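# coords please:
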Amino acid sequence: MAQKTPQCFIHSLPTETVYIILKTLLDDIVEDDMMRTPDAKHRVLAGGLPFPHTMALVCRHWRDIVSSAPELWTRVFCVLPQEELQWMSSQLQKSASYPVHLTIIHQHDIVCGIYPILSLIAPHLQRLKSLRIHEFHEAYVHNHLDMLTGHAPQLEFLRLTDVKRVNCFKTQPCLKLDCPALRILHIDKNAVCDTNHQWLKKNLTHVDHMSISFGSGPPTATYRWSGFPMLARALKVAPRRIPCLSLENLLLPVNISQAGVKIGAAKVILRTRIDALAVIDDDCQTVVLRQCNFVRHLSRISLPSFNSLELDGCASKALQDIPRICTWDGNTVTVTNSRRSCMKIILYFLGAPFKRQRCSL
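From the prediction side, this is the model:
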């Protein structure tokens, strides 16, 4: 007589096993948060509730585990204006003394919507592991970020992006957090230019990746930003050369290269626009063009000396009349997820021995 395979019901799993499963799921969700632009839809799971609430609905056993595990409440995701302070305060209390990952999304132009939220988290600065504030124009203009003043020794990830108003410079520094453990910084162009240079010098010591956003609209809707020299001066005060610098949607004045202003990092990533190629210094090792649709404009830019060029998700118009006026002394070109026209242009740009009209792949 064949033996029946014993069945394991999910509600009968040992407490330690369930906890490990839930903690692993939460870690994966937080990791995904760090890789993408904050969005209100990321707050909830398929059931329409945040992670710990959804898991607590599985059964009474799971609800008891979630209620008694502070680590499972450490992802705090706040979407304004509908977020309730009482709910957020409750989750901060349930996370006890564990490090928290905090996201704030300001969806609408409402008056003083973010101030109570920042006031609530101010006492928990020392527990912050990551902080993401998206569409933070109100906090930026009205100095609400002053609420976040103090020591944040565990903060490794900081994102302040999408001010929305393109010409909105301040006279007072907008960042006053002391975060010596910072590893990744995503920041709006206005915020980095208005940040005290001493703050940059003090807090960029261990930063591995710095990303600067120049707006979230399509490239055709951006304006030619004239504040680039101010940005270059701010970056020069960093205590060391940043390993990876990403410039998102940057459109520079046509004559910016004549100003002699340069920026650089070991690796520079340009997303949607390639204008900044003209202002990268000669110490850069790798340049990545990501989601750029104007690769044919490479022929018009005086390229710096770098070893490796990567194209990821790029496109371009037909070869047509591209003058061979530029040279490049690099040794590696990597093209991924890009259209065939990019390959044609790169081959021609590198001096491949064929005529323009006969280039085919």
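# what ranges do the helices span in the chain?
Ranges of helices within the chain are 15-35, 51-56, 60-67, 85-94, 115-121, 137-141, 189-193, 197-203, 228-236, 340-349, based on DSSP state H.
# Of all the ones you listed, which one comes closest to His101?
His101 lies closest to helix 15-35 among the helices of the chain, at 5.2 Å (CB to CB). Every residue, glycine included, has its C-beta placed from N, CA and C.
# Packing partners of that closest one?
Secondary-structure packing of helix 15-35 (3 or more CB pairs under 8 Å, 6 or more residues apart in numbering; DSSP states H and E): helix 51-56, helix 60-67, strand 75-80, strand 100-106, strand 128-134.
# okay, those in CSV with mean neighbour count and distance to Leu204 next?
Conversion of the helices and strands packed on helix 15-35 to CSV gives the following (neighbours: other CB atoms under 10 Å; distance: least, CB to CB, whole Å):
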stretch, mean neighbour count, distance to Leu204
helix 51-56, 19, 32
helix 60-67, 16, 38
strand 75-80, 21, 26
strand 100-106, 22, 21
strand 128-134, 22, 16
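# Please tabulate these in CSV, including the columns distance to Val288 and mean pLDDT.
As requested, these are exported to CSV (distance: least, CB to CB, whole Å; pLDDT from 0 to 100):
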stretch, distance to Val288, mean pLDDT
helix 51-56, 33, 84
helix 60-67, 41, 89
strand 75-80, 30, 84
strand 100-106, 26, 87
strand 128-134, 23, 90
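# right, and those - which one's nearest Ile20?
helix 60-67 (10.6 Å).
# can you list contacts of the closest one?
By CB atoms under 8 Å, 6 or more residues apart in numbering, the surrounding residues in contact with helix 60-67 are 11-12, 15, 18-19, 22, 52, 55-57, 72.
# tell me the angle it makes with helix 15-35.
For helix 60-67 against helix 15-35, the angle by axes from the mean of the first three to the mean of the last three CA atoms, to 10 degrees is 60 degrees.
# so helix 60-67 versus helix 85-94, what angle?
Using the same axes, to 10 degrees: helix 60-67 against helix 85-94 is 80 degrees.
# doesn't Met210 make contact with Pro243?
No: the pair Pro243 / Met210 is not scored as a contact, 9.0 Å apart, by CB atoms under 8 Å.
# Need the residues touching each of the two.
With CB under 8 Å, 6+ apart, Pro243 and Met210 have common neighbours Ala265.
# about what we covered before: as CSV, the helices and strands packed on helix 15-35 with distance to Asp39 would be great.
Converted to CSV, those look like this (distance: least, CB to CB, whole Å):
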stretch, distance to Asp39
helix 51-56, 16
helix 60-67, 25
strand 75-80, 9
strand 100-106, 7
strand 128-134, 8
